[in-house]
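Visitor: Next come a sequence and a model predicted from it.
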Amino acid sequence: MKTLDSSKYQVAPVRAGYTDRILQLDLSSLTISITEVDPHFRRKYIGGRGYAMKMIWDGTTEETRYDSPENILVMASGPLGNEPRFPGTGKFVVGTISPLTETFVDSNIGGHFAPLLKMSGFDALAVHGISTEEVVVIVDGDEGTVTVTTAPSFGEEIDGGGLEYGEALLKEFTGGELTENAAAVTTGNGALHARFGIINSLFYDRRRRRIRSKQAGRGGTGTVMRVKGLRAVIVRSSRARVRANHPADKESVQQAGAKLKRVISQQDPKQLNLRAWGTPVLAEYMNKFHLLPVNNYQYGQHTEAPAVFADVFLERYFNKEVPDGCYMGCNLACAKGAEDVVLTRGPQAGRKVGIDGPEYETLGAVTCQGIFDPHFIMEYNWYCDEYGLDTISMGVTAAFLMECFQRGYLAVEETGYDLSWGNIDAADRLLHETATGEGLGKICGQGVQRAKRWVAEKYGARTNTPIDETMLELGKFGMEVKGLEFSLYICKESLAQQGGYGFSLKGPQHDEAWLIFIDQVHNEIPSFEMKADALKWFPLIRTWFNAVGLCKLPWIDVRHPEAAQTDNPSQNQPTLEYYAQYYSATTGENKSVQDILDDSERLHVLQKMVNVRQGKGTRDFDQIPLRAMGPAYFNEYQSRSDYYDDWLREQLGTDATLPESPEERHQAILDLRRQAYQKLCDEVYKAKGYTPQGVPLRKTLEKFDLLDEKAEALLQAHGTLV
Amino acid sequence: MHVSVTFLGLQRTKAQSDQIQIRFSKKTRVADVLAYIKKHHPELPFPEDAILVTVNNKISPMERILKNKDNVTFLPFLGGG
């Protein structure tokens, strides 16, 4: 490794969860600098996604694209990150202008990287500019140095992979002695060829005695990393982690953590059992309620689905004896992993590898292609991580191309091979082609939004069909909003979740709102007003976790036994009280759950303004595909015609006569669904303080002290006067 | 009358079955089915204050009177990833 630049610094102490320093790297000029964070900034933007978003708001313009030198790649934890006495504190976010959506995206990720970065003296790392050669950045908290080096080569096979390269790099850095005190972020060569590149967070797991990985999957953060010429960041700190946050009230931190850990240890084994099964446990419940995506979200249930239920992975792959937390002190420990899995496909066939996953989303990305083979899911998981590809966007784009093949919009002469549902050979080939940017993979790597146009052009050339006409049809089943592919839940029978996806500021990812069960199954929010309230409340609390450096699963997926006695059991308020206590005890600011929601709303409104500035913030960009609203095609209606006819009868009233033909009933359902979604838009914008076009009102910006010059100009451009 | 109970997740693996049929007299409530299951399958996990009941895939109160061929599921709380 050839040193290009190096800088000594005094490691700032952590006080009340913060170092109040941001490490700034400009890779164009090879400049290393440190920004001091003032208390006003800290209080207003909290950390994590708040810091990332504010840097993007201030440091980029509407002209900035993912590959512009002025785009910033921010990695930031928050004040509550790095506390082994509380569950789920290894999280950080990566925020940037996305290659897919061309607006701000943040994706959260676990592991040891952010805690070590904080102990090395930094709340965040902000990478600017573009390097002319590939570089590695080393933040050494033990030595008090930041170093930029040329990216070393470990041989052709290793250099292309996010996992393999990162492990080789960490071994070289630590002299072969892997340790929990050093971690890295990397991505693979696939991120160079696809817009949905991921960032891997690599850390040493002393129980499994190997490097493990978690991923910032959504929105193409890894693509931005590679465009910048940033091959990896290594961070090291040997400081003790217990009480490393130097909380204002350490006893209260201890109490809050102990209470939450008790709820997890007592309830999780009787509820979802995430500790043993990980998130794949969701597949069985999703399949039961027609929510598991099959064949590009056409169907939500399949007879072969039991082949990919969690107990299959537990028996065949997961190591049952090892606690699997992605950070110290988390007793939910849902980050499952497998050892010595033999790859049977692709360029590394025959190798034995350790695989971290699958998560439910990866599993759903494969069933979305009509495939129910657990071993293929494991291989798909590993290759996506190694190549640096988002398993969700990869699978959903592949499924879109498969449906184009099913409906005749693509033929073998265009794809080069049979893209039928369930064809594992085809899915496997498309994955590897996407990673190398070859063949159909070159199109797949662009994501659904851009693939739609390519398909329309090819179809037009073959059939003389006007491109706009085909685009309208492809828009019915191309599962993207704002350019981001949907995550893996079917929302067509839950109006609230349709909004959860459509209004999500980064695009249809469920980390803002997952309302399917409380809407579709529990029927807890039957009116438009109640749905709108939920669509305001849940995004605020869910995304707060991304600002403070926490995992939300201990709150959202383990129900506190006292929640049932509260007004809104699904909010799991008794557990949220522990979070408020933890926040107050760490920072010394006494905050209630409502204070937390208000803080989060400021970030939510700011993100909306970034979207408005980037041309993705108005009502048009909250619209969802017809497939997300209902049975877009007749075959979907036919597959559950009794259910749909009952639904239509309920809507029309028991005395009404149903349309005579199934085709008319299908059409009537779609008409009602379209109307309902527009009404939901109106209600949600009203609840959030937006205009009917989805732009924040002036008073909304004033309330959160966000009406700066840029915001003022945007409001005027959109005619928002009040 | 016959009522079926579907087991999912941990319940399924503990019961080693994804569904059982139970014969009841008329006017059986969901709560009666739960009591029956707890008595005859003590190995199955039921979170005391966090059970969601569905009857024929729709949420249902414990006091609901069941009909012949109804399908009951006792679910844990699901909040989404």
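Guide: Sure thing, it's come through. Residues are numbered from 1 along each chain as shown, chains lettered A, B, ... in the order given.
Visitor: okay, CA-based contacts and neighbour counts for the rest of this
Guide: Fine.
Visitor: okay but A:Tyr9 is in contact with A:Thr145, surely?
Guide: Yes: using Cα atoms under 8 Å, A:Tyr9 makes contact with A:Thr145 at a distance of 5.9 Å.
Visitor: and the next element down the chain from the helix or strand of chain B with the lowest mean pLDDT?
Guide: One helix or strand of chain B scores below all others by mean pLDDT, DSSP states H and E: strand B:58-59, with a mean of 84. In the C-terminal direction, the helix or strand that comes right after strand B:58-59 (DSSP states H and E) is strand B:71-75.
Visitor: can you list the residues of chain A near chain B?
Guide: For chain A, the contact set with chain B under Cα under 8 Å from any Cα of the partner chain comprises A:267, A:269-273, A:279, A:281, A:284-285, A:289, A:310-311, A:510-511, A:514-515, A:517, A:521-523, A:553, A:556-562, A:564, A:570.
Visitor: go again using 7 Å as the cut-off
Guide: In this structure, chain A approaches chain B at residues A:267, A:270-272, A:281, A:284, A:289, A:514, A:517, A:521-522, A:553, A:556-557, A:559, A:561, A:564, judged by Cα under 7 Å from any Cα of the partner chain.
Visitor: A:Glu251: which element?
Guide: With DSSP H and E as criterion, A:Glu251 is part of helix A:250-267.
Visitor: Run the chain-centre distance for the helix or strand just after that helix.
Guide: Taking DSSP H and E as the definition, the helix or strand that follows helix A:250-267 towards the C-terminus is helix A:274-277. For helix A:274-277, the gap between its own C-alpha mean and the chain's C-alpha mean amounts to 21 Å (Cα atoms, centre = their mean, to the nearest Å).
Visitor: residues in contact with the very next helix or strand once past helix A:274-277?
Guide: Going down the chain from helix A:274-277, the next helix or strand is helix A:282-288, by DSSP H and E. For helix A:282-288, contacts defined as Cα atoms under 7 Å, 6 or more residues apart in numbering or on different chains pick out A:Leu292, A:Gly300, A:Gln301, A:Phe309, A:Tyr360, B:Leu8, B:Gly9.
Visitor: In helices only, show me those residues.
Guide: Among these, the members found in helices (DSSP state H) are A:Tyr360, B:Gly9.
Visitor: Out of the contacts of helix A:282-288, the closest to A:His375 would be?
Guide: Ranked by distance to A:His375 (Cα to Cα), the contacts of helix A:282-288 are led by A:Phe309 at 12.4 Å.
Visitor: Pull up the per-residue confidence for the closest one.
Guide: Looking at A:Phe309, its pLDDT is 97.
Visitor: number of nearby residues for it?
Guide: A:Phe309: 23 surrounding residues under other Cα atoms under 10 Å in any protein chain shown.
Visitor: Phi first, then psi, for it.
Guide: In terms of degrees, to the nearest 10, the main-chain angles of A:Phe309 are phi -80, psi 160.
Visitor: what angle sits between the longest helix belonging to chain B and strand B:71-75?
Guide: Identified as the longest helix of chain B according to DSSP H is helix B:30-40. Counting by axes from the mean of the first three to the mean of the last three Cα atoms, to 10 degrees, helix B:30-40 points 70 degrees away from the direction of strand B:71-75.
Visitor: give me the residue from the stretch 1-150 of chain A nearest chain B.
Guide: Across the stretch 1-150 of chain A, the shortest distance to chain B (Cα to the nearest Cα) belongs to A:Asn108, at 12.2 Å.
Visitor: so that residue sits in a strand?
Guide: Yes: going by DSSP: H, G, I helix; E, B strand; the rest coil, the assignment for A:Asn108 places it inside a strand.
Visitor: distance of it from A:Ala232?
Guide: Taking Cα to Cα, to the nearest Å as the measure, A:Asn108 and A:Ala232 are separated by 17 Å.
Visitor: Repeat that for A:Asp519.
Guide: From A:Asp519 to A:Ala232 the distance is 42 Å (Cα to Cα).
Visitor: Which of those two has more residues huddled nearby?
Guide: Neighbours around A:Asp519 and A:Ala232, counted as other Cα under 10 Å, are more numerous at A:Ala232. The numbers are 26 against 21.
Visitor: Give me the contacts around stretch A:19-27.
Guide: Contacts for stretch A:19-27 (Cα under 7 Å, 6+ apart): A:12-13, A:31-37, A:118, A:121-131.
Visitor: of the residues you listed, buried ones?
Guide: Neighbour-count burial within those applies to A:12-13, A:32, A:118, A:121-131; the criterion is 16 or more other Cα atoms under 10 Å in any protein chain shown.
Visitor: Mark which of these are part of helices, please.
Guide: By the criterion of DSSP H, membership of the buried ones among the contacts of stretch A:19-27 in helices covers A:Lys118.
Visitor: Quick one: neighbours of the closest residue to A:Gln520 other than its chain neighbours, just the number.
Guide: Nearest-residue entry for A:Gln520: A:Ser494, 5.2 Å, with adjacent residues in sequence omitted and distances by Cα to Cα, 6 or more residues apart in numbering or on different chains. A:Ser494 is flanked by 21 other residues according to other Cα under 10 Å.
Visitor: try A:Ala547
Guide: One way to gauge burial is a neighbour count; for A:Ala547, by other Cα under 10 Å, it gives 29.
Visitor: pretty sure it belongs to a helix, no?
Guide: Yes: under the criterion used here (three-state DSSP), A:Ala547 sits inside a helix.
Visitor: Go ahead and confirm A:Asn296 touches A:Leu401.
Guide: No: using Cα atoms under 7 Å, A:Asn296 is not in contact with A:Leu401, being 9.2 Å away.
Visitor: Run the chain-centre distance for the top helix by length along chain A.
Guide: Scanning chain A for the longest helix, with DSSP H as the assignment, gives helix A:662-688. A distance of 27 Å separates the C-alpha centroid of helix A:662-688 from that of its chain, computed with Cα atoms, centre = their mean.
Visitor: Convert the helix or strand just after it to CSV, retaining C-alpha atoms only.
Guide: For helix A:662-688, the succeeding helix or strand toward the C-terminus, using DSSP H and E, is helix A:698-703. Extracted in CSV, the C-alpha atoms of helix A:698-703 (Å, rounded to 0.1, in the frame of the first residue of the first chain):
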residue,chain,number,x,y,z
ARG,A,698,-44.4,27.2,4.9
LYS,A,699,-45.7,26.9,8.5
THR,A,700,-44.4,23.3,8.6
LEU,A,701,-40.9,24.4,7.7
GLU,A,702,-41.1,27.3,10.2
LYS,A,703,-42.2,24.9,13.0
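Visitor: Quick one: distance of the very next helix or strand once past helix A:698-703 to the chain centre.
Guide: Sequence-wise, the next helix or strand beyond helix A:698-703 is helix A:709-717, with elements assigned using DSSP H and E. Taking Cα atoms, centre = their mean, the mean C-alpha location of helix A:709-717 is offset from the chain mean by 29 Å.
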